[in-house]
Structures are given as structure tokens and as C-alpha cells.
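Peer 1: coords please:
(one chain, ligands or ions: 1)
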Amino acid sequence: MKERLWIAEMLRGQKKHISFHTPGHKRAGADITELDYSDCLLSPRGVLKAAQEDVARILGAARSFILTDGSTSGVFSMLYCLKTAGKASVAAPVFSHPSVRNACNVFGLKWIPVPQKTRFGIPLQPTSADVARALDSADALLLTSPDYYGNFPDLAGAAALCKAQNKPLVIDGAHGGHLHFVPERYAGSYADLWVDGVHKSLPALTQGAVVSAKSEPWAGPLESAVKLFRTSSPSYPIMASVEYAVKYPRNVALENAAERFKTQYGCVNNGDWTKLLVPFGGQCGAAQAYSEGHGVYPEFNDGNYLLFYLSPCTTARELKTLGKLLKKMPRGEVGEDAPAGSIPMYGEER
Ligand SMILES: Cc1ncc(COP(=O)(O)O)c(C=O)c1O
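Peer 2: Next comes the predicted model:
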């Protein structure tokens, strides 16, 4: 039997192509529109349907939907599902991504805040007791896992709590697309609905994401929701890259090297190998300038820490270069009153 074509193979397979269609650059190549051979994301029947089915199987979902508008459109789709299922309120941590607050406002969902403490300016994941207290007066729970700093909430505890109360669990996994290899860490092992921000930690183009439903009862509503919140002109390069990224093999050697690196260079002991959080305290700005002066760019500077974000495509050589630079970069004490860095803290003005 013939193997399924990946989206990228379908794009590569088209030889003669004179474009009398959008987009206006007329260069065809991979950046085409929905044509008879390229399928249609709104009602897929061909290569996009096959890709979404493969993605769902890999992620352990009943249905998965490729998004070309980032995790933001996934968060909107999931919260809209809650609304259409008759939920009136959702408990969510106070430092959730702004898309959570925006979606709640747009849909008239009441946000029940789950308090979060901070340590050296870093939001800590909420305690199980705080989650339970907030969920008592909410119809659903949204957690972020992992967060931007690589920390995880008590996923098993939250799932058990939601199950006991028959309330849906939704997970914003914008920073956890690489975790489907690790069931105990993966959002899809616990959530009814979850989004994977594939473009952040897997080799997908910016804005590539996937939103998934664990079981059939949520799959139909999610399908209706994504139709409302994603573009009607999805980018084929992004869709091809999402399929490629989800099918990208695990890089265990790099994962182990990253964990050793954390110990060797005094990174914060978070649970996520892709997020190397290095403390610089008051020297953060100088360290960032030194690093960037050598062509090495971190993800962010929060005034206390620099975050160096890895993916399975980071090479051992790049990690070694970072290690060499770190040895020479000035370090200071981290403090609670860090000057504002380049990352705005979600949930509060800095
Ligand atoms: C926790 C979290 N959720 C959602 C998003 C939104 O993701 P995207 O930029 O892919 O729309 C982000 C973006 O940084 C994020 O950090």
C-alpha cells in the first residue's frame, strides 16, 4: 500500500506550476493556497486530513487540529469550547498568558484567579491547595504546563481533582510541544483539551501549533471552535513544518547533555530540559550584552535570569559554545527587586 504523503512532500512534488491564484508574489513553491491537490484546512479530505490524523495519533488525542495562528488561537478555541459546553467560569493561575484573560473577556467566562507566589521575580506554579480552593467555585480548570520558566504544576493531582468533580481540565502547553515523548510530563496525558505550541520547542515555523481533544465528546466542539479562530488562509509552510516538527525524533543525547549542563553551569533546577535558566542578578544586562556580542542570543532577560531556550535541533557544538561563554559572563546575586528585563510578567504590570 502506498505510504501517505507528508504535507512537505506534497508541496515538493508539484513541478510545473503557473500561479493564477493567491498569494500575490506568484512564486508558488511551498507558499501556495488551497488548491485541488493541496487540500483545505477548513474541511480537510486529503493530505491535511492525513497529517492531522497522524498528529493526533502521535499526541494521543481523539482529534488534533493544526493551527497557523499560534497557541493564542488554541487558547481561544479551548475556552470557547468551555463556553459552548455551558461552563460559566474557569479557574486559572494569575500569571496565565494574556490570551486566557482575553478569551475569558470575549466569551463572558468568569475568571476565578488561582494565586501564584513569586520567587526572585519568577512566578511559581500554584499549590495544589490553591488550585483546589479556586476550582471549588469554578466550572473548569486551566493550567499552564510547563510555564515559560520550565516549571510544572501538579498535573496528576489536578487531573484527579477535575475528574472527581466532573469538571474539564484545559492545559496551555504553549511551551510543552516537545513533551509528547514523556507521558508523565505531557499535557495530553491529563487534559480534556490542550494546545501544544509546536513552534516554540520543536522545529516548526513561528505560529505553528496544534490544539487537541482527548476524547470524542470534546472533538466536535473543538472542530467548530477552531473554524472560528483560525485564519481562512492558512500558511502551507507553517502547516508542513508543524507536521514535520511533531514527527521529529526525540533527541535523548541532547536532553541528557542539557541536564548535565544545568548542573555544571548553575542553572535553575526546573523540570524542562529545553529551558536553561541562568541566574545573573544585577549583571543580567551585562551578561546579555556579552552573550549577544558573541552572537549568542537568549530568549529573554527578566532582570534576574537569562533564559536560553533549546530544542531537539540545538547542536552539541552550540551548547558547548554557550558553556564557554557562560564561564566568562559576569554573575550577580539574584534578588526580589530585579530591574525590569525584556520579558513582561504575565498578569501584572512591571
Ligand atoms: C504560556 C503561553 N501561552 C500561550 C502563548 C501564546 O502563544 P503564541 O505566541 O504561539 O500564540 C504564549 C506565548 O508566549 C505563552 O507563553
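Peer 1: so who does the residue nearest to Ala159 when sequence neighbours are not counted touch?
Peer 2: Nearest in space to Ala159, with sequence neighbours left out and distances taken as C-beta to C-beta, 6 or more residues apart in numbering, is Tyr190 at 4.0 Å. C-beta: built from backbone N, CA, C; applies to glycine. Neighbouring residues of Tyr190 by C-beta atoms under 8 Å, 6 or more residues apart in numbering: Leu155, Ala156, Ala158, Ala159, Leu169, Ile171.
Peer 1: ok, so what distance separates the fourth one from Pro217?
Peer 2: Summarising the geometry, the distance separating Ala159 from Pro217, computed by C-beta to C-beta, to the nearest Å, is 17 Å.
Peer 1: Between these two, which has more neighbouring residues?
Peer 2: Between Ala159 and Pro217, counting by other C-beta atoms under 10 Å, Ala159 is the more crowded of the two (18 against 12).
Peer 1: Doesn't the more buried one belong to a helix?
Peer 2: Yes. Assessed with DSSP: H, G, I helix; E, B strand; the rest coil, Ala159 lies in a helix.
Peer 1: so what's the residue nearest the centre of the chain up against?
Peer 2: The centroid of the chain falls nearest to Ala174 when counting by C-alpha atoms, centre = their mean (1.7 Å). Residues near Ala174 by C-beta under 8 Å, 6+ apart: Ser71, His97, Thr144, Val195, Asp196, Gly197, Lys200, Ala209.
Peer 1: ok now do the closest residue to the ligand within the stretch 201-350 of the chain, which residues does it touch?
Peer 2: Residue nearest to the ligand within the stretch 201-350 of the chain (C-beta to the nearest ligand atom): Ala209, separated by 5.5 Å. Contacts for Ala209 were tallied using C-beta under 8 Å, 6+ apart; they are 66-67, 69-71, 73-74, 174, 177, 195-199, 242.
Peer 1: How about the residues of the stretch 1-150 of the chain by the ligand?
Peer 2: Gly70, Ser71, Thr72, Val75, His97, Ser99, Thr144, Tyr148 (C-beta under 6 Å from any ligand atom).
Peer 1: just to revisit the earlier point, sort out for me which of the contacts of Ala209 are in helices.
Peer 2: Gly70, Ser71, Ser73, Gly74, Val198, His199, Val242 (DSSP state H).
Peer 1: Out of those residues, which is nearest to Ala213?
Peer 2: Gly74 (11.2 Å; C-beta to C-beta).
Peer 1: Not counting sequence-adjacent ones, nearest residue to the closest one?
Peer 2: Gly74's closest residue in space is Val195 (C-beta to C-beta, 6+ apart), at 3.1 Å.
Peer 1: I'd say Leu276 and Ala258 touch.
Peer 2: Yes. In terms of C-beta atoms under 8 Å, Leu276 counts as a neighbour of Ala258; the distance is 6.8 Å.
Peer 1: Now for these two: what residues contact both?
Peer 2: Leu310.
Peer 1: With neighbour numbers in mind, choose between these two.
Peer 2: Using other C-beta under 10 Å, the more surrounded residue of Leu276 and Ala258 is Leu276, with 26 against 20.
Peer 1: Could I get the full set of strands for the chain?
Peer 2: Using DSSP state E, the strands of the chain run over 63-67, 89-93, 110-114, 118-119, 122-123, 141-144, 169-173, 193-196, 209-213, 275-279, 300-301, 305-309.
Peer 1: What angle do strand 209-213 and the first one make with each other?
Peer 2: Comparing the axes of strand 63-67 and strand 209-213 via axes from the mean of the first three to the mean of the last three C-alpha atoms, to 10 degrees yields an angle of 160 degrees.
Peer 1: starting at the chain centroid, how far to strand 63-67?
Peer 2: 13 Å (C-alpha atoms, centre = their mean, to the nearest Å).
Peer 1: and that strand, which strands flank it?
Peer 2: strand 209-213 (antiparallel) (DSSP bridges).
Peer 1: Now do the strand it pairs with against strand 169-173, angle only.
Peer 2: Going by the same axes, to 10 degrees, strand 209-213 makes 170 degrees with strand 169-173.
Peer 1: I'd guessed Cys162 sits against Leu141; true?
Peer 2: Yes. Cys162 is within contact range of Leu141, at 5.6 Å (criterion: C-beta under 8 Å).
Peer 1: ok, these two, which is more surrounded?
Peer 2: Neighbour count, other C-beta under 10 Å: between Cys162 and Leu141, Leu141 has more, with 28 against 22.
Peer 1: picking up where we left off before, anything in contact with each of Cys162 and Leu141?
Peer 2: Leu135, Pro168, Leu169.
Peer 1: how close does the first one get to the ligand?
Peer 2: From Leu135 over to the ligand the distance is 20 Å, taken as C-beta to the nearest ligand atom, to the nearest Å.
Peer 1: Hmm, Ala91 and that residue touching each other?
Peer 2: Yes. The pair Leu135 and Ala91 qualifies as a contact (C-beta under 8 Å) at a distance of 4.9 Å.
Peer 1: got any residues that touch both of those two?
Peer 2: Common neighbours of Leu135 and Ala91 (C-beta under 8 Å, 6+ apart) are Ile112, Leu141.
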